[in-house]
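In: sequence first, predicted coordinates after that:
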Amino acid sequence: MIDADPEPSAAGATTGLRIDSDRLVSRLMALGEIGAIDGTTGCARLALTDEDRAGRDLVVTWMRDLGLEISIDGIGNVIATMPGFDGVAPVMTGSHIDTVGTGGRYDGNLGVLGGLEVIETVIAARERGELELTRPLAVGFFSDEEGARFPPDMLGSLVYVGGMAVEDALLIEDANGAVFGTELERIGYAGPAPLPGPAPHAFVELHIEQGPVLEDEDVTIGVVEGVQGISWTELTLNGESCHAGTTPMRLRHDPGYVAARISAQVRELTSEFGEPQVGTVGAITLVPNLVNVVPSIATLTVDLRNTDEDTLQRAETKFRGFVATTAEAEGVGVETRMLARFEPVEFDEQVIDIVERSAGALGMSSRRMPSGAGHDAQMFARVCPTAMIFTKSVNGISHNVTEYTEPEDLEAGTNVLLQTMLILAETEFG
Ligand code: HGY
Ligand code: MN
Ligand code: MN
């Protein structure tokens, strides 16, 4: 039994146990080689691609080597649990190993491999008789967290917690018409485990911050209190293609012009609303995309986020009004498709407090903060006490091949995860 003092002593939290950071970093580098982008330290493992399959196979091998019980469910989530606890609800950690197209080696991967490292450390301590647990620890990776290929993001964990029927999720198509369920079968990860999945005792996710705050303030650990609201919209603007030289401006119905105006307005809207409002037009495609042809179609995506739901709704209303007015003035038709919409999420105060005290007990500086990015933890917050741990991102960069986190910060975050999971295993929630 760990000296299960939920008040970890300053000497070293609940136990002097520490992770093996060399082993953690070597696994992160090995996984990062799968889908590696030539000439960079980045990698591309879009959900359900061959690269994603290869990454999954590697991590599942590591899970099996530890003797963990592995479940794969109907949306492709993989959860590995310490055996021998007769179905007692686990303390679960995890994240994702799919990446965006210009991804780094740490986004999501740290949460999965950090969780695996914690479990390996705990298994060894138990074998040495230094530790007893009343609850198992589990680590998972959840399908299609990025949503970059199959929107919405956090799809696997959303289905796991019952936020979307698996039947509906399996029908989602990517931009080329590939179907989620078909791709999942193709890579061999359509599993038998039931959905929604069983709620864990508690869930805590380790993740890189992906922003500049911890580095700017030189704080080691982010104690994440919640996740901001997310609104993803896809717009298809239908105009009329014509000759770029012969067609007078007054006769044009140019969706490319409307798309450009929308993109500029999204930026202006964030200035008008002020922080923390953010807005991004990440994808614009024109058809036929030729120098001397006024486009017939423009497709673009708009990502709006805010920590406050009412403000996010006001931003959506303002943006939609602008789209309607601008398109009408140009004689361009508009088709709208919501790709993702999640309200802001607040994490559990007790778990937040345990993360904060674990960092303090390990002598690490920490600060409370919201998450600007979406994470699988925001879905688990629907079914169990949940919070997150952030560790620094160099230059605050992520979703970029130069994404980097120093080894000592990878180690710090994973040791806080270790302590937090051990305390959660001994904590009963009201
Ligand atoms: O988009 C996000 O916030 C996350 O990276 N899926
Ligand atoms: Mn992530
Ligand atoms: Mn990401």
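Out: Perfect, thanks for sending it. Ligands and ions are numbered 1, 2, ... in the order given.
In: from here on, contacts and neighbour counts on C-alpha atoms
Out: OK.
In: what sits up against the helix or strand that contains E117?
Out: Using DSSP states H and E, the element containing E117 is helix 109-127. Residues outside helix 109-127 that contact it (C-alpha atoms under 8 Å, 6 or more residues apart in numbering) are 17-20, 23-24, 27-28, 63, 66, 82, 93-97, 131-132, 137-141, 205-208, 410, 414-415, 417-418.
In: just the buried ones from those residues?
Out: Burial by neighbour count, judged by 16 or more other C-alpha atoms under 10 Å, picks out 17-19, 24, 27-28, 63, 66, 82, 93-97, 131-132, 137-141, 205-208, 410, 414-415, 417-418 from the contacts of helix 109-127.
In: look up how far ligand 1 lies from the residue of the chain positioned farthest from its centre.
Out: Within the chain, T246 marks the point farthest from the mean C-alpha position, 48.2 Å out by C-alpha atoms, centre = their mean. For T246, the distance to ligand 1 (C-alpha to the nearest ligand atom, to the nearest Å) stands at 42 Å.
In: can you give me phi and psi for that residue?
Out: When read as degrees, to the nearest 10, the backbone of T246 gives phi -100, psi -20.
In: residue numbering should commence at 37 henceforth.
Out: All set: I'll call the first residue 37, so the last point we hit is now T282.
In: do you know how far it is from G292?
Out: Distance, T282 to G292, by C-alpha to C-alpha, to the nearest Å: 17 Å.
In: what does this structure put close to ligand 2?
Out: Proximity of the chain to ligand 2 (C-alpha under 5 Å from the ion) is limited to residues 143-144.
In: residues from the chain in reach of ligand 1?
Out: Near ligand 1, the residues belonging to the chain are 181-182, 189, 409-410 when assessed by C-alpha under 6 Å from any ligand atom.
In: which non-adjacent residue is nearest the closest residue to ligand 1 within the stretch 37-186 of the chain?
Out: At 3.8 Å from ligand 1, E182 is the closest residue in the stretch 37-186 of the chain, using C-alpha to the nearest ligand atom. Among residues not flanking E182 along the chain, D189 sits closest, at 4.9 Å (C-alpha to C-alpha, 6 or more residues apart in numbering).
In: re the thing from before, show me how far the helix holding E153 is from its chain's centre.
Out: With C-alpha atoms, centre = their mean, to the nearest Å as the basis, helix 145-163 stands 20 Å off its chain's centre.
In: cool, stretch 60-71 as well?
Out: Counting by C-alpha atoms, centre = their mean, stretch 60-71 comes out at 18 Å from the chain centroid.
In: stretch 156-167 now?
Out: Taking mean C-alpha positions (C-alpha atoms, centre = their mean), stretch 156-167 and its chain are 30 Å apart.
In: in it, what's buried?
Out: In stretch 156-167, counting by 16+ other C-alpha under 10 Å, buried: 156-159, 167.
In: now swap in stretch 312-331 and tell me
Out: By neighbour count with 16+ other C-alpha under 10 Å, stretch 312-331 contains the buried residues 313-317, 320, 322-323, 330-331.
In: which residue ranges of this structure form helices?
Out: For the chain, the helices defined by DSSP state H occupy 57-68, 86-101, 145-163, 191-196, 202-205, 216-223, 249-253, 291-309, 345-366, 385-397, 413-416, 443-461.
In: any chance of JSON lines for these, columns mean pLDDT and distance to L271?
Out: Listed next are the helices of the chain as JSON lines, based on pLDDT from 0 to 100; distance: least, C-alpha to C-alpha, whole Å:
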{"stretch": "helix 57-68", "mean pLDDT": "98", "distance to L271": "34"}
{"stretch": "helix 86-101", "mean pLDDT": "98", "distance to L271": "28"}
{"stretch": "helix 145-163", "mean pLDDT": "97", "distance to L271": "31"}
{"stretch": "helix 191-196", "mean pLDDT": "98", "distance to L271": "21"}
{"stretch": "helix 202-205", "mean pLDDT": "98", "distance to L271": "21"}
{"stretch": "helix 216-223", "mean pLDDT": "98", "distance to L271": "22"}
{"stretch": "helix 249-253", "mean pLDDT": "98", "distance to L271": "32"}
{"stretch": "helix 291-309", "mean pLDDT": "98", "distance to L271": "9"}
{"stretch": "helix 345-366", "mean pLDDT": "98", "distance to L271": "9"}
{"stretch": "helix 385-397", "mean pLDDT": "97", "distance to L271": "38"}
{"stretch": "helix 413-416", "mean pLDDT": "98", "distance to L271": "26"}
{"stretch": "helix 443-461", "mean pLDDT": "97", "distance to L271": "39"}
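In: out of the ones you listed, deepest packed?
Out: The highest mean neighbour count among those, using mean count of other C-alpha atoms under 10 Å, belongs to helix 191-196: a mean of 27.
In: what about that helix, distance to the chain center?
Out: Distance of helix 191-196 from its chain centroid, counting by C-alpha atoms, centre = their mean, is 11 Å.
In: rewinding a little: pLDDT wise, what is the residue nearest to E182 at?
Out: Here the pLDDT value assigned to D189 is 98.
In: now for it, how many residues are close by?
Out: For D189, the neighbour count with other C-alpha atoms under 10 Å is 24.
In: pretty sure it is touching G183, no?
Out: Yes. Here D189 reaches G183: they are 3.6 Å apart, a contact under C-alpha atoms under 8 Å.
In: between the helix holding E153 and helix 443-461, how big is the angle?
Out: Our comparison of helix 145-163 with helix 443-461, counting by axes from the mean of the first three to the mean of the last three C-alpha atoms, to 10 degrees, yields an angle of 60 degrees.
In: so helix 145-163 versus helix 86-101, what angle?
Out: 10 degrees.
In: may I have helix 145-163 exported as CSV, CA atoms only?
Out: Presented in CSV, the C-alpha positions along helix 145-163 are these (Å, rounded to 0.1, in the frame of the first residue of the first chain):
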residue,chain,number,x,y,z
ASN,A,145,2.1,10.8,-27.8
LEU,A,146,3.4,12.1,-24.5
GLY,A,147,0.1,11.4,-22.8
VAL,A,148,0.0,7.8,-24.1
LEU,A,149,3.7,6.9,-23.6
GLY,A,150,3.9,8.8,-20.3
GLY,A,151,1.0,6.8,-19.1
LEU,A,152,2.7,3.6,-20.2
GLU,A,153,5.9,4.7,-18.5
VAL,A,154,4.0,5.3,-15.2
ILE,A,155,2.4,1.8,-15.4
GLU,A,156,5.7,0.1,-16.1
THR,A,157,7.3,2.0,-13.1
VAL,A,158,4.4,1.0,-10.8
ILE,A,159,4.5,-2.7,-12.0
ALA,A,160,8.2,-2.9,-11.2
ALA,A,161,7.7,-1.3,-7.8
ARG,A,162,5.0,-3.8,-6.9
GLU,A,163,7.2,-6.6,-8.0
